[in-house]
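**Student:** Have a look at this prediction, sequence included:
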Amino acid sequence: MFPVAIFLMRRFSIGLKITDTNLKITRTLAIENIPEKLCNIGDIKKHFDEAYPEFRIFDVQVVYDVTRLTQLALDLENVVDSKKFCEKYKARKNVELEMIPVGGARCCKCFCLPCVNKVSCVEYFTEEEVKLKEKIEKEGMEARKVPLGMAFVTFENINHARKFLRDHKNSILNFKRTAPESKLAMAPHKWRVWYAPLPNDIIWENLSHKRNWTLIKKIIANLFIFLVAFFLTTPQFVVHQLEPIINSLKNLTYNPTPKTVNVTSDPLDNFRELPAWLTDFLPTLMIWTFTALLPVVVAYADLLVGHWTRSGQNHAIMKKTFWYLLFMVIILPTFGFTSSKAYIDFLLKNNNLNWECIFLPDSGAFFVNYVITCAILGSGLELIRFPELFWYFIQICMSRSKADTPAIRKAITYEFRFGEQYARMMLIFAMVVMFSISCPLITPFGCLYFILKHLVDRHNLAFVYARSKINKKVHATAINFVIMSVALLQFFMIVFSFIRSLDSNLSTLDLRTKVAMALFILTLNICSAQIWSNTCRRISPVKYQDVLLGEDPEDEHDQLYLPTVL
């Protein structure tokens with residue numbers, strides 16, 4: 001299957017037109033660690049005129065802290081939309097909207113009316129618009145006074161940008177080269193220079209987060225997720241803890257003698273018995289719920305890190321979510337590590353793993369039930385979107401009047417979470433591929449899942465979610481995950497064959513196991529050569545396209561490197 005997977009993924013990557021990000025060169029460079037007193041457009045241009053007189057600069061933009069300014073601009077946009085809504089409502093129904101300017105007054109007027117009088121919505125939002133414009137103007141002037149020591153410099157020649165990056169590249173192999181200096185105390189030897197992403201990909205309000213603090217936050221977030229994923233519990237451990245409750249519910253459900261309903265008795269006595277289909281379905285439902293909540297935890301933990309680009313944020317969420325789900329849902333439960341206690345016992349106490357309990361028929365049936373649940377129940381819930389519906393209800397309860405409707409609709413319109421959705425889909429693909437031989441029944445249900453997932457995601461992308469920003473690196477990572485799933489299939493089949501022919505003497509292994517081990521070693525060598533070097537790029541699952549900067553249709557580096565609020 002390994003050559004077939006490489007061929008199919010290579011054909012798939014041709015349509016994506018993926019360019020190698022390591023060879024992606026742009027005319028715009030991001031420069032960090034500029035002295036704040038000299039971090040202005042005039043001094044930066046003067047430094048380039050003296051240090052690089054032959055380089056022509058197309059544009060220079062200084063980075064400022066726009067966190068508060070972005071929030072004020074969002075509030076102003078909501079106020080303007082609410083004002084337009086009130087004017088259209090009055091023109092259509094000839095009724096002027098009134099409201100109590102207190103949060104939650106739309107649903108709880110009786111508590112707010114004695115203390116706060118009603119006001120006209122148009123007049124209220126007009127006054128708020130004037131106040132917010134004054135605040136934005138004042139905050140914009142204050143923000144420009146305190147630069148962050150960072151700037152975006154766009155060169156007219158791409159070779160100049162490349163040479164400037166080489167001069168300021170901090171590397172052990174680059175110790176002989178020193179960056180040219182000017183009369184200004186710019187300290188260019190301390191600069192950190194890198195190719196800038198596209199302007200619409202930058203999260204401008206996160207640029208105020210220093211790299212040192214960002215690294216600390218990454219360590220804390222990953223440590224927290226690691227503790228949740230590995231040492232607190234796994235989904236199967238949750239199910240095992242529910243077994244006493246499920247057994248007691250089954251005992252209550254089972255009643256050999258027909259029970260007559262007594263009208264005069266307590267009505268609650270007639271509802272104490274739960275149906276058997278509910279108690280049988282509860283374990284799989286709990287595991288699906290847990291695996292659906294873990295990507296949300298990973299995503300919110302990564303949001304607190306403060307990534308500088310949206311594409312990098314989606315890529316980081318995708319990789320973390322996939323690896324945590326893969327270990328939690330498939331690898332650890334398959335080898336019997338359903339809790340931290342089992343894993344610690346294996347490492348510290350006996351170091352004996354009961355190999356005969358791996359790949360049992362019940363384990364395959366469990367994963368088949370999981371895929372069926374994801375295909376039918378999971379796809380249906382993604383189409384209904386209960387979390388968004390609940391959040392919409394909360395927003396309505398906290399609103400002041402009907403005039404807040406445009407702001408509420410904007411608040412519940414999310415970007416399509418490519419990182420989270422890609423990771424969950426790749427988990428199902430890995431599960432189907434890894435158990436396709438030992439448990440063939442999982443294959444048709446896996447096909448059903450991908451068909452339903454395609455239909456649901458196509459509808460949500462077209463009609464529900466806002467456009468999201470990702471780069472082609474996300475698709476390349478997904479292709480590598482597909483190849484890795486096939487390699488895991490080979491590894492699992494080696495373990496399966498080894499268990500079935502288990503003997504103290506390795507020379508007595510049958511021919512099937514020896515051939516499987518040889519093919520797996522060959523697969524590992526090819527994958528390693530593709531990932532860490534360019535040795536096997538011609539048979540790589542990703543077909544990279546050779547695109548020059550002048551021919552690249554996605555190059556947008558002529559745009560102004562400023563946030564929209566400035």
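**Tutor:** Here it is on my side, so go on.
**Student:** Distance check, Ile372 against Phe386.
**Tutor:** From Ile372 over to Phe386 the distance is 20 Å, taken as C-beta to C-beta, to the nearest Å. Glycine gets a C-beta too; all of them are placed from N, C-alpha and C.
**Student:** Where do the helices of the stretch 251-400 of the chain begin and end?
**Tutor:** Along the stretch 251-400 of the chain, counting by DSSP state H, counting those that start in this stretch, helices occupy 276-305, 310-325, 332-334, 340-344, 361-373, 379-384, 386-398.
**Student:** Reformat those as TSV; add mean neighbour count and mean pLDDT.
**Tutor:** TSV is the format used below for the helices of the stretch 251-400 of the chain (neighbours: other C-beta atoms under 10 Å; pLDDT from 0 to 100):
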stretch	mean neighbour count	mean pLDDT
helix 276-305	17	71
helix 310-325	23	85
helix 332-334	20	72
helix 340-344	14	62
helix 361-373	18	75
helix 379-384	15	87
helix 386-398	13	86
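**Student:** Select, out of those, the one closest to Glu134.
**Tutor:** Distance to Glu134, taken as C-beta to C-beta, is lowest for helix 386-398 among the helices of the stretch 251-400 of the chain, at 26.1 Å.
**Student:** what's in contact with the closest one?
**Tutor:** Applying C-beta atoms under 8 Å, 6 or more residues apart in numbering, the contact partners of helix 386-398 are Gly103, Gly104, Arg106, Cys107, Ile408, Ala411, Ile412, Tyr414.
**Student:** May I see the PyMOL selection of the buried members of these?
**Tutor:** In PyMOL, a selection of the buried entries from the contacts of helix 386-398 looks like this (16 or more other C-beta atoms under 10 Å):
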select buried, resi 106+408+411
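**Student:** hang on, Phe58 in a strand?
**Tutor:** Yes - assigned with DSSP: H, G, I helix; E, B strand; the rest coil, Phe58 falls within a strand.
**Student:** What count of nearby residues applies to it?
**Tutor:** 15 (other C-beta atoms under 10 Å).
**Student:** residues touching Phe58, list them.
**Tutor:** Phe58 neighbours (C-beta under 8 Å, 6+ apart): Arg27, Thr154, Phe155, Glu156, Asp558.
**Student:** coming back round to it: and the helices of the stretch 251-400 of the chain: which comes nearest Leu74?
**Tutor:** helix 386-398 (14.7 Å).
**Student:** that older thread, CSV please, covering the helices of the stretch 251-400 of the chain and showing distance to Gln71.
**Tutor:** Formatted as CSV, the helices of the stretch 251-400 of the chain follow (distance: least, C-beta to C-beta, whole Å):
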stretch, distance to Gln71
helix 276-305, 16
helix 310-325, 18
helix 332-334, 42
helix 340-344, 41
helix 361-373, 40
helix 379-384, 30
helix 386-398, 17
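**Student:** Quick one: closest of the ones you listed to Phe2.
**Tutor:** Per C-beta to C-beta, nearest to Phe2 of the helices of the stretch 251-400 of the chain: helix 310-325, 19.8 Å.
**Student:** Now stretch 222-236: average pLDDT?
**Tutor:** For stretch 222-236, mean pLDDT rounds to 66.
**Student:** And the helices in the stretch 101-250 of the chain, which stretches?
**Tutor:** Using DSSP H, counting those that start in this stretch, helices in the stretch 101-250 of the chain cover 109-112, 121-145, 158-167, 211-226, 235-253.
**Student:** Tell me which other helices or strands the fourth one touches.
**Tutor:** So the one you mean is helix 211-226. For helix 211-226, the packing partners by 3 or more C-beta pairs under 8 Å, 6 or more residues apart in numbering; DSSP states H and E come out as helix 276-305, helix 310-325.
**Student:** which one of the ones you listed lies closest to Met186?
**Tutor:** Taking C-beta to C-beta, helix 310-325 is the member of the helices and strands packed on helix 211-226 nearest to Met186, at 27.8 Å.
**Student:** Please render the helices and strands packed on helix 211-226 as a markdown table that adds distance to Ser182 to the earlier fields.
**Tutor:** Formatted as a markdown table, the helices and strands packed on helix 211-226 follow (distance: least, C-beta to C-beta, whole Å):
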| stretch | distance to Ser182 |
| --- | --- |
| helix 276-305 | 36 |
| helix 310-325 | 32 |
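**Student:** which stretch among these comes nearest Thr70?
**Tutor:** Among the helices and strands packed on helix 211-226, helix 310-325 sits nearest to Thr70 (C-beta to C-beta), with 14.2 Å.
**Student:** now that closest one and helix 211-226, what's the angle there?
**Tutor:** Counting by axes from the mean of the first three to the mean of the last three C-alpha atoms, to 10 degrees, helix 310-325 lies at 30 degrees to helix 211-226.
**Student:** chain center to helix 310-325, what's the gap?
**Tutor:** For helix 310-325, the separation from the chain centroid amounts to 5 Å (computed by C-alpha atoms, centre = their mean, to the nearest Å).
**Student:** neighbouring contacts of that helix?
**Tutor:** 197, 201-203, 222, 225, 229, 291, 294-295, 298-299, 302-303, 305, 307, 415, 417-420, 422-424, 426-427, 468-471, 473-474, 477-478, 481.
**Student:** Repeat that for stretch 448-458.
**Tutor:** With contacts defined as C-beta under 8 Å, 6+ apart, stretch 448-458 is touched by Val371, Cys374, Ala375, Ile376, Ser379, Glu382, Leu383, Gln421, Met425, Ile428, Phe429, Val432.
**Student:** Which helix or strand in this protein has the lowest average pLDDT?
**Tutor:** helix 235-253 (a mean of 58; mean pLDDT, DSSP states H and E).
**Student:** rewinding a little: biggest separation within the contacts of stretch 448-458, which pair?
**Tutor:** Most distant of the contacts of stretch 448-458, by C-beta to C-beta, are Leu383 and Val432, 21.5 Å apart.
**Student:** Pull up the gap between Phe48 and Val60, please.
**Tutor:** 8 Å.
**Student:** for Thr523, what are its contacts?
**Tutor:** Phe2, Val486, Ala487, Gln490.
**Student:** Please export the C-alpha coordinates of the helix or strand harbouring it as CSV.
**Tutor:** Under the criterion of DSSP states H and E, Thr523 resides in helix 511-532. Output of helix 511-532 as CSV, limited to C-alpha atoms (Å, rounded to 0.1, in the frame of the first residue of the first chain):
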residue,chain,number,x,y,z
LEU,A,511,8.5,-15.7,6.4
ARG,A,512,5.5,-13.3,6.5
THR,A,513,6.8,-11.6,9.6
LYS,A,514,10.4,-11.3,8.2
VAL,A,515,9.1,-9.8,4.9
ALA,A,516,6.9,-7.3,6.8
MET,A,517,9.8,-6.2,8.9
ALA,A,518,12.0,-5.7,5.9
LEU,A,519,9.4,-3.6,4.1
PHE,A,520,8.8,-1.6,7.2
ILE,A,521,12.5,-0.7,7.5
LEU,A,522,12.5,0.2,3.9
THR,A,523,9.5,2.5,4.4
LEU,A,524,11.2,4.2,7.4
ASN,A,525,14.3,4.9,5.3
ILE,A,526,12.3,6.4,2.5
CYS,A,527,10.2,8.6,4.8
SER,A,528,13.3,9.8,6.7
ALA,A,529,15.1,10.6,3.4
GLN,A,530,12.0,12.6,2.3
ILE,A,531,11.6,14.5,5.6
TRP,A,532,15.2,15.4,6.6
